[in-house]
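Novice: Provide a 3D model corresponding to the input given below.
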Amino acid sequence: MFSPFIVLARVLPAASQAHRLARRQAAQLGMRAVAPHLLALSAWGFVSGVAMVNYGLSFWQSMIMSLWVYAGSAQLTALPLMAAGAPVWMVFLAGFIVNIRFVIFGATLYPFFERYSHFKRLVLGYLLTDINYVVFVSLFRHVRQKRRTVYVWTYLSMGTAIAMAWQLSTLAGVLIGDRVPREWSLEFAGVLTLMAVVIPLIKGRPMLVTVAVAGVVAWLGQALPLRMGLFIAIVAGIAAGMLSEKAMTRSVRA
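Specialist: Predicted coordinates:
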C-alpha cells in the first residue's frame with residue numbers, strides 16, 4: 001500500500017535541530033487539526049470500497065483505483081459509467097469535471113508552497129483533499145509563519161493521516177463490501193463528512209454567504225450532466241464569498 005511517509009524525507013532538505021523541532025511541532029499541529037474528522041472520513045472511504053465491489057471490481061482493481069484516483073467523489077462518479085459501458089474518454093471527462101475544484105484549491109495553496117520544485121508540489125498535490133484543504137486554509141488564512149516549513153509539515157501530516165485513513169478504510173470496504181446490505185445507504189457518509197468539516201468554519205458573513213450560495217447552486221444544478229453543477233457551485237460560492245468580504249471591507253472603511 002502506498003504511504004506518503006515514503007516521500008517525507010525526500011520532500012524537504014536536511015535541517016538544523018531548531019528546524020527539526022519546528023517541523024515536529026507543525027506535524028503535531030496538522031495531526032491534531034484533522035484527527036476529529038478521520039472517523040467520518042473513514043466511513044466515506046469504506047463506502048467507496050463497498051461501491052467498487054458492488055460494481056464488480058476485483059480486489060486488485062479496487063485497490064489500484066483507490067491509490068491511483070484517490071478521490072471518493074470521482075470514484076463514485078466513474079463507477080456507474082464504467083458499469084454502463086461508457087467510453088473511456090467519458091469516464092475520464094466525468095472524473096476531471098468532478099475533481100476540477102482541486103485546480104481552484106491548488107491555486108489557493110500555491111503561495112504557501114511556491115518555493116518548492118514541481119516534483120515536490122506534485123507530491124503535495126497528490127495529498128490534497130477537501131478536508132485538509134479546508135482545515136489548512138482555516139489554520140493559516142490569516143496567520144503567516146516566518147518559517148515556510150511550518151506550512152509544508154502541517155500540510156504533510158494532515159495529508160498523511162487522511163491518506164492512510166482513506167486507504168485502510170477503503171481496504172476494509174473492499175474486503176467485506178459484499179456483506180453490507182444496500183439498504184444501509186452508507187453513501188450518505190460522504191455528505192456527513194464534509195458537513196462535519198464545513199459547519200464549524202461558518203464564522204462571519206463571507207463564509208456564510210459562500211456556503212449558502214454554493215449549496216443553492218449545487219442543488220439547482222443536480223440535473224446537469226457529468227456533475228457540472230458541483231463545479232459551478234464551487235465557483236459561484238467562492239465568487240460570492242469574495243464579493244461579500246470586499247463589501248464588508250468597504251463598509252468598515254466608510
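Novice: okay, CA-based contacts and neighbour counts for the rest of this
Specialist: Will do.
Novice: measure the most centrally placed residue in the chain to Trp68 for me?
Specialist: What sits nearest the mean C-alpha location of the chain, by CA atoms, centre = their mean, is Thr129, with 1.7 Å. For Thr129, the distance to Trp68 (CA to CA, to the nearest Å) stands at 14 Å.
Novice: now swap in Gly215 and tell me
Specialist: 29 Å.
Novice: give me the more crowded residue out of the two.
Specialist: Neighbour count, other CA atoms under 10 Å: between Gly215 and Trp68, Gly215 has more, with 17 against 11.
Novice: for that one, grab phi and psi.
Specialist: Here is the backbone geometry of Gly215 (degrees, to the nearest 10): phi -60, psi -40.
Novice: measure the closest residue in space to it that isn't next to it in sequence to Gly72 for me?
Specialist: Nearest residue to Gly215, sequence neighbours excluded (CA to CA, 6 or more residues apart in numbering): Ala233, at 7.0 Å. Distance from Ala233 to Gly72, counting by CA to CA: 18 Å.
Novice: out of the two, which sits in the busier spot?
Specialist: For Ala233 versus Gly72, neighbours defined as other CA under 10 Å are more numerous around Ala233 (24 against 20).
Novice: for Ala84, grab phi and psi.
Specialist: Phi and psi for Ala84, reported as degrees, to the nearest 10, are phi -80, psi 0.
Novice: around it, how many other residues sit close by?
Specialist: Considering only other CA under 10 Å, Ala84 is surrounded by 10 other residues.
Novice: which stretches of the stretch 101-250 of the chain have low pLDDT?
Specialist: Low-confidence regions of the stretch 101-250 of the chain, defined by pLDDT under 70, span residues 142-147, 181-198, 200-201, 226-227.
Novice: next secondary structure after the helix or strand hosting Ile131?
Specialist: Using DSSP states H and E, Ile131 sits in helix 130-140. As assigned by DSSP H and E, the chain's next helix or strand after helix 130-140 is helix 149-176.
Novice: ok and that following helix relative to helix 130-140, angle-wise?
Specialist: 160 degrees (axes from the mean of the first three to the mean of the last three CA atoms, to 10 degrees).
Novice: list the buried residues in helix 149-176.
Specialist: 149-174 (16 or more other CA atoms under 10 Å).
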